[in-house]
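>>> Mind folding the following:
(one chain, ligands or ions: 1)
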Amino acid sequence: MTAMSRSAVLLCLLVAAAVGSAAHFDGAAAATDNGKKVSQGQGGLHHYFYLDSCAQLETIVRSTVESALQQDVRLTAGLLRIFFHDCFPQGCDASVLLDNGERQFAPNLGLQQAALQLIETIRSKVHAACGPTVSCADITVLATRDAVNLAGGPTFTVNLGRKDSLAPASQNDVFSLPPPSFTADQLLKSFSDKGLDNFDLVALSGAHTVGRARCSAFGNPSTPPKDDLGQCLAGICTGGGGDPNRLRDLDFLTPELFDNMYFTALTLNKGIMLNSDQVLATHPSTNWLVKGFADNHWWFFQQFATSMVKMSEMKGPQGNVGEIRRNCFKPNSALNISADHGLLAASA
Ligand code: HEM
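Numbers count the residues shown, from 1 in each chain. The predicted structure follows:
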């Protein structure tokens, strides 16, 4: 959080406390505990994929993410959003990382450049240690998993062995990413089209426990905030000349921690969350999950881990086909690396 936005939120909380309308914040400390370890099934990839070719992989990824987070706590949010925007259109294949491709389209504007660069930095360390054996897609999944845990969230086992795409996803596939204006029915449909259910939708939306959105993403709330806290938080966007690119925290209670306070914030119904978040608190297929995750952070952590693994194993139309990129931002063909070197890889 910038100093300005931090002080704006603190001011809001003080104002609200002063008039007796503040939320209960006592769950925040408990929610910082790390979650339990969750083991998952195989699905064509496997946990020990790099055991022989790069045994140091997980150590290199975790230590690099840890030092990067010590410099910039916002990288957890950056990695999580990149992970979602990579996996949802056509499976996790690092296609969103390619320059001059998917990132020019509206849904991908605002992906954090520093988080994209962190993935490439990890790739170069891993390839320096092991040779070009590990894909950018697997590094994205591992780095996101570790950043969540380092920010206070659960840890879990992920299966590996993804290939990097040879080309970006199509514009159509990129626009399958849901916009913040969607209703709950539209969100449920958009997720079910990808094989994800209401548990996945609500749990994965819990990624908004960290990170920020541009003021333009919040739109005009269907129910304008009535109390002091809501009005003060909404004022962060309407103040300062109403700049649509100004950033506001998604979870105004504990914006830098991966915890379940996003769900608590949703149940407060202040009319200041993203529309696509707020609608989850009222639709009959999702409201009981929002309440359940707000009441029980262990349940949220366990379901989040399960849903992250599910999303990480979503398949694109062509299956797991591609290469191990030598630079996450470019296909090997642009680097003059050919199949003769035995690195152009394809599997079913
Ligand atoms: C359910 C449908 C979803 C919608 C409509 C949605 C929409 C958005 C929007 C509009 C933003 C702000 C973008 C900007 O202003 O630049 C955002 C930020 C973010 N989203 Fe989502 N999102 C959804 C699901 C997810 C999922 C499944 C994840 C990850 C698992 C995720 C992770 C994030 C994160 C971490 C940020 C903050 C990024 C940052 O601070 O750099 N979102 N989302």
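
>>> Average pLDDT for the helix or strand hosting I236, rounded please.
Secondary structure assignment for I236, by DSSP states H and E: helix 228-238. Mean pLDDT, helix 228-238: 81.

>>> now stretch 156-171
Per-residue scores along stretch 156-171 average to 97.

>>> and what of stretch 255-267?
Taken as a whole, stretch 255-267 carries a mean pLDDT of 95.

>>> ok, for the residue in the stretch 51-200 of the chain that the ligand sits nearest to, nearest residue in space, not its chain neighbours?
Closest to the ligand within the stretch 51-200 of the chain is G110: 2.8 Å, counting by CB to the nearest ligand atom. All C-beta atoms are positioned from the backbone trio N, CA, C, and that covers glycine. The shortest distance from G110 to any non-neighbouring residue, by CB to CB, 6 or more residues apart in numbering, is to R214 (6.4 Å).

>>> where's stretch 55-70 relative to the chain centroid, distance-wise?
Centroid separation for stretch 55-70 versus its chain: 18 Å, with CA atoms, centre = their mean, to the nearest Å.

>>> what sits against F218?
Contact analysis of F218 by CB atoms under 8 Å, 6 or more residues apart in numbering lists P180, C237, R248, I272, M273, L274, N275.

>>> How much space separates the last one from L111?
Noted for N275: a distance of 21 Å to L111, by CB to CB, to the nearest Å.

>>> returning to what we had before: with distance to D197, neighbour count and secondary structure added, can I get the contacts of F218 in CSV?
Shown next, in CSV, are the contacts of F218 (distance: CB to CB, whole Å; neighbours: other CB atoms under 10 Å; DSSP: H, G, I helix; E, B strand; the rest coil):
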residue, distance to D197, neighbour count, secondary structure
P180, 21, 16, coil
C237, 33, 20, helix
R248, 30, 21, strand
I272, 28, 25, coil
M273, 22, 25, coil
L274, 21, 21, coil
N275, 21, 19, helix
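
>>> Can you tell me which residues in this structure are near the ligand?
Taking CB under 6 Å from any ligand atom as the criterion, the neighbours of the ligand within the chain are 77-78, 80-81, 84, 110, 112, 178-180, 182, 187, 204-205, 207-208, 210-214, 217, 274, 276.

>>> Next, the buried residues of stretch 321-334.
Residues of stretch 321-334 classed as buried: G322, E323, I324, R325, R326, N327, C328, F329, K330, P331, N332 (neighbour count, 16 or more other CB atoms under 10 Å).

>>> can you put the residues you listed in a markdown table and add pLDDT?
Shown next, in a markdown table, are the buried residues of stretch 321-334 (pLDDT from 0 to 100):
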| residue | pLDDT |
| --- | --- |
| G322 | 94 |
| E323 | 96 |
| I324 | 97 |
| R325 | 98 |
| R326 | 97 |
| N327 | 98 |
| C328 | 98 |
| F329 | 98 |
| K330 | 97 |
| P331 | 96 |
| N332 | 96 |
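
>>> which stretches of this structure aren't confidently modelled?
Applying pLDDT under 70 to the chain picks out residues 1-43, 221-223, 240, 337-348.

>>> make it 50
Applying pLDDT under 50 to the chain flags residues 1, 3-4, 15-43, 339-340, 342-348.

>>> on that earlier part again, burial of the residue of the stretch 51-200 of the chain closest to the ligand, as a residue count?
17 (other CB atoms under 10 Å).

>>> what helix or strand does it sit in?
Secondary structure assignment for G110, by DSSP H and E: no helix or strand.

>>> ok, of the contacts of F218, which one's closest to the ligand?
For the contacts of F218, the minimum distance to the ligand (CB to the nearest ligand atom) is 3.9 Å, reached by P180.

>>> how near is the closest one to L201?
14 Å.

>>> Contact partners for S95?
D86, P89, G101, E102, D164, S165, A167, P168, A169 are the contacts of S95 under CB under 8 Å, 6+ apart.

>>> And these, which is closest to K125?
D164 (16.9 Å; CB to CB).

>>> Backbone torsions only: list them for the residue in the stretch 201-348 of the chain that the ligand sits nearest to.
Residue nearest to the ligand within the stretch 201-348 of the chain: G211 (2.5 Å; CB to the nearest ligand atom). With angles defined as degrees, to the nearest 10, G211 sits at phi 100, psi 180.
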